[in-house]
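K.L.:
with the input below, show me the fold.
(2 chains)
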Amino acid sequence: MRVGLVCPYTWDVPGGVQEHIMNLAEALIDLGHHVSVISPADDDTPLPGYVVPAGRAVPVPYNGSVARLAFGFLSASRVKRWLKEGSFDVLHVHEPAAPSLSLLACWVADGPIVATVHTAIPRSRAMHAAEPILQSALEKISGRIAVSEAARTTLVEHFGGDAVLIPNGVPVQKFEKADPLPGWPGPGGALGFLGRMDEPRKGFAILLRAFEMLAAERPGLRLLVAGHGDAHEALARAPAALRDRIVVLGQVSDADKVRVYHSVDVFCAPNTGGESFGIVLAEAMAAGAPIVASDLDAFRQVLRRGEAGELFPTGNAAELAAAARRLLDQPELRAGLSAAASAAVRAYDWPIVARDVVRVYEAVVPAAGPVAVLPR
Amino acid sequence: MIDAIVVVVVVAMLGVYVSWRAGRLDRLHARLEARRAALDVALVRRSSVALELASSGLLDPATSLLLASAAHDARSAQNGQAGWGGGHGGRGGQNGGPGGEGGQELPESDLTRALRAVFGQPGFRDSLNGTEGAEELLTELEGAAHQVFLARKFYNDAVAATRAARRTPLVRLLRLAGGAPLPDFFEIEDSLVGTGEAGQGADMPHLTG
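P.N.:
Below you'll find the model as predicted:
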């Protein structure tokens, strides 16, 4: 199948939507489809072979913040040319309600169009004002996908109709194998944490309390921390005696992130709520890390009710310490959880997710001919 | 006797002076009110024409959407009237904008930036050449934007004069301004060209004509 993917945000700026499109494109290519992605990007940015630049994105105020978007007649004519040259069987736009390439593509194209909605936006009066403008472009979409329940709700509230829920994928292969960071996990054992240290819902404070309990009885135990947030501030909250046993890496590269998962004996996800899927958890599972996680609905589902990782009562530092202690003491228990996690995460692997997306393509394709370009 | 006459004359002269000062302050406040009303009208007109352009079908939907949401946020702030000027009054109504400091100023500046982004596309005017109604609407929008620039300049002039008059010891001692709040400057970005763009330097750059 010839698939045209439209990315609304600048390719060279990292972001969830861009990463999603990259993984989807590569998975589709692996499945034997022809894929072309059009994305805002400077003409001199190095891009993968399947990405066509649509010109520079302009920073403009939108929805209360400044977004880098591509709009205007020049972008529209680039999209038109791309559509003509691509002669796609299906056009797949992402985040179609953003004033960017995806909306332009809906405007100039005719034929089978699939759209994926990523973010949940609360219904606002501004959206209401924009609805007539959006409506004519969006009613051409024949198949709609939401990556989360919240995104689906947004879609239904704004535009009516329904959407298929296909959760975000995890590129399992990228996480499977990596060398631990030098010196880790070390003879005394290591706990790991990844996420914003200053975001209370990520539960770093709970982990610190649990680490305090464990560190008192295990002189060699260390804690490895990666993610956004002020490292000094995070360390200041720990008892002075323990500070040299807590290593804070701060923001790490994608490659180092994989190595962090492979550098610890027990990976901790002490989140207290607000997780719709738990991408960090899925990544840790892909890396085969033994996991201790809060007993949140989303986590329980991903961890198969505890088969693929230990669950502890959300917010309870003593229970977190107890679960981590069990795992640290029993290597065979860790090995079992690691194997179970690697198996369970397969359901979220990109090739599987991409296959679901292809099913959506197949459902819309026979209804119409290939994607055509309208004279605008 | 002479003493009494002198005292009466001095008191009378003082009274005349004070009432002249109060009258002057009154006139300054009246001028301020008029300038403020003119600025309000200019802002409303600018956002209305921007909305009209956004819904005219002359532009592509992405540009229309940007313009519509910016104009809509400005309209909400205008209707809310919260935090008018100075940015001490909290967020501007239900505009869903970033809120916090800024009140009406932030959404109006955002509208300016959105207009800048639309007008600033290379070859923008040529792309609409020959489209019916485009020329009129663009000229009207540019005129409305220039009107905002002028109205704001004159309003801020009036604010400066009023503030200076109210700072004098006599006015403060006798509370000649009564309970009227000290007027705040209205600070927004209102030029259709950003720094380093063509046309910078002109107060009212002509982009469409």
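
K.L.:
tell me where chain B has helices.
P.N.:
Taking DSSP state H as the test, the helices found in chain B are B:2-54, B:61-80, B:105-119, B:124-127, B:134-167, B:169-174.

K.L.:
mind putting those helices into TSV with mean pLDDT, distance to chain A and mean neighbour count?
P.N.:
Just so you know, the C-beta spots here come from the backbone N, C-alpha and C atoms, and that holds for glycine as well. As requested, the helices of chain B are exported to TSV (pLDDT from 0 to 100; distance: least, C-beta to the nearest C-beta, whole Å; neighbours: other C-beta atoms under 10 Å in any protein chain shown):
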stretch	mean pLDDT	distance to chain A	mean neighbour count
helix B:2-54	91	7	15
helix B:61-80	88	4	26
helix B:105-119	92	4	24
helix B:124-127	83	4	15
helix B:134-167	91	12	18
helix B:169-174	83	40	11
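
K.L.:
show the pLDDT at residue 56.
P.N.:
All of this is about chain A. If you check A:R56, the pLDDT there is 86.

K.L.:
that answer is for a different chain, and I need it for chain B
P.N.:
pLDDT, read off for B:S56, is 87.

K.L.:
now render the helices of chain B as a markdown table, adding distance to A:R201.
P.N.:
Shown next, in a markdown table, are these (distance: least, C-beta to C-beta, whole Å):
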| stretch | distance to A:R201 |
| --- | --- |
| helix B:2-54 | 38 |
| helix B:61-80 | 29 |
| helix B:105-119 | 28 |
| helix B:124-127 | 45 |
| helix B:134-167 | 43 |
| helix B:169-174 | 51 |
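
K.L.:
where do the helices sit along the stretch 251-376 of chain A?
P.N.:
Taking DSSP state H, counting those that start in this stretch as the test, the helices found in the stretch 251-376 of chain A are A:254-261, A:279-286, A:297-302, A:317-329, A:331-344, A:350-364.

K.L.:
roughly how far does the single nearest residue of the stretch 151-300 of chain A relative to chain B sit from B:Q147?
P.N.:
For the stretch 151-300 of chain A and chain B, the shortest gap (C-beta to the nearest C-beta) falls at A:H158, measuring 12.8 Å. Distance from A:H158 to B:Q147, counting by C-beta to C-beta, to the nearest Å: 35 Å.

K.L.:
host element of A:A67?
P.N.:
Assignment of secondary structure by DSSP states H and E places A:A67 within strand A:65-69.

K.L.:
near chain B, which residues of the stretch 251-376 of chain A show up?
P.N.:
A:R376 (C-beta under 8 Å from any C-beta of the partner chain).

K.L.:
show me how the record splits chain A into domains.
P.N.:
Following automatic domain parsing, one gets these domains for chain A: A:2-169+A:351-373, A:172-348.

K.L.:
list the contacts of the most centrally placed residue in chain B.
P.N.:
Note on chain B: the residue nearest the mean C-alpha position is B:R152, at 3.8 Å, using C-alpha atoms, centre = their mean. Residues near B:R152 by C-beta atoms under 8 Å, 6 or more residues apart in numbering or on different chains: B:L39, B:A42, B:F186, B:I188, B:D190.

K.L.:
now do the strand holding A:A67: distance to the chain's middle.
P.N.:
How far strand A:65-69 lies from its chain's middle: 20 Å, per C-alpha atoms, centre = their mean, to the nearest Å.

K.L.:
can you tell me the strand partners of that strand and which way each runs?
P.N.:
Counting by DSSP bridges, the strands paired with strand A:65-69 are strand A:58-62 (antiparallel).

K.L.:
return the residues in contact with the residue nearest to A:P239 when sequence neighbours are not counted.
P.N.:
Distance criterion C-beta to C-beta, 6 or more residues apart in numbering or on different chains; nearest residue to A:P239, sequence neighbours excluded, is A:E212 at 6.3 Å. Remark: with contacts taken as C-beta under 8 Å, 6+ apart, A:E212 is in contact with A:A238, A:P239, A:L242.

K.L.:
tell me the contacts of the last one?
P.N.:
Going by C-beta under 8 Å, 6+ apart, A:L242 touches A:F211, A:E212, A:A215.

K.L.:
the first one belongs to a helix, doesn't it?
P.N.:
Think A:F211. Yes: A:F211: assigned to a helix according to DSSP: H, G, I helix; E, B strand; the rest coil.

K.L.:
mind checking pLDDT for it?
P.N.:
92.

K.L.:
now do the last one
P.N.:
Listed pLDDT for A:A215 reads 88.

K.L.:
follow-up on the earlier one: the residue of the stretch 151-300 of chain A closest to chain B and A:L91: what is the separation?
P.N.:
For A:H158, the distance to A:L91 (C-beta to C-beta) stands at 20 Å.

K.L.:
with A:R355 instead?
P.N.:
In terms of C-beta to C-beta, A:R355 sits 19 Å off from A:L91.

K.L.:
likewise B:N79?
P.N.:
From B:N79 to A:L91 the distance is 39 Å (C-beta to C-beta).

K.L.:
repeat that for A:R300.
P.N.:
37 Å.

K.L.:
what do you get for B:L176?
P.N.:
On the measure of C-beta to C-beta, B:L176 and A:L91 end up 70 Å apart.

K.L.:
who's more crowded, the two?
P.N.:
A:L91 (30 against 20; other C-beta atoms under 10 Å in any protein chain shown).

K.L.:
what's the next secondary structure element after the helix or strand containing the more buried one?
P.N.:
Secondary structure from DSSP H and E places A:L91 in strand A:90-94. Using DSSP H and E, the helix or strand that follows strand A:90-94 towards the C-terminus is helix A:101-108.

K.L.:
which strands and helices sit next to that following helix?
P.N.:
On a contact count with 3 or more C-beta pairs under 8 Å, 6 or more residues apart in numbering or on different chains; DSSP states H and E, helix A:101-108 meets strand A:2-6, strand A:34-39, helix A:72-86, strand A:90-94, strand A:113-117, helix A:125-138, helix B:61-80.

K.L.:
single out the most deeply packed of those.
P.N.:
Mean neighbour count (mean count of other C-beta atoms under 10 Å in any protein chain shown) peaks for strand A:90-94 among those, with a mean of 28.

K.L.:
how about that strand and chain B, any contact?
P.N.:
No: using C-beta under 8 Å from any C-beta, strand A:90-94 never reaches chain B; the gap is at least 11.9 Å.

K.L.:
sheet partners, orientation included, of the strand holding A:L91?
P.N.:
Checking strand A:90-94 against DSSP bridges gives partners strand A:2-6 (parallel), strand A:113-117 (parallel).

K.L.:
re earlier: take the domains of chain A and write them to JSON lines, including distance to B:P122.
P.N.:
Converted to JSON lines, the domains of chain A look like this (distance: least, C-beta to C-beta, whole Å):
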{"stretch": "domain A:2-169+A:351-373", "distance to B:P122": "7"}
{"stretch": "domain A:172-348", "distance to B:P122": "36"}
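
K.L.:
for B:R46, find the nearest of those domains.
P.N.:
domain A:2-169+A:351-373 (15.2 Å; C-beta to C-beta).

K.L.:
kindly check the end-to-end length of the closest one for me.
P.N.:
15 Å (C-alpha to C-alpha, to the nearest Å).

K.L.:
before we move on, back to that, what does the strand holding A:L91 contact?
P.N.:
With C-beta under 8 Å, 6+ apart, strand A:90-94 has contacts from A:1-8, A:17, A:20-21, A:83, A:101-103, A:105-106, A:109, A:111-116, A:118, A:141, A:357, A:361, A:364-365, A:371.

K.L.:
could you check how far the residue at the greatest distance from the centre of chain A is from A:F211?
P.N.:
Most distant residue from the mean C-alpha position of chain A: A:E217, 37.1 Å away (C-alpha atoms, centre = their mean). Here the distance between A:E217 and A:F211 works out to 11 Å (C-beta to C-beta).

K.L.:
about what we covered before: any idea which of the contacts of A:E212 is closest to B:L111?
P.N.:
So of these, ranked by how close each gets to B:L111 (C-beta to C-beta), first place is A:A238, at 47.6 Å.
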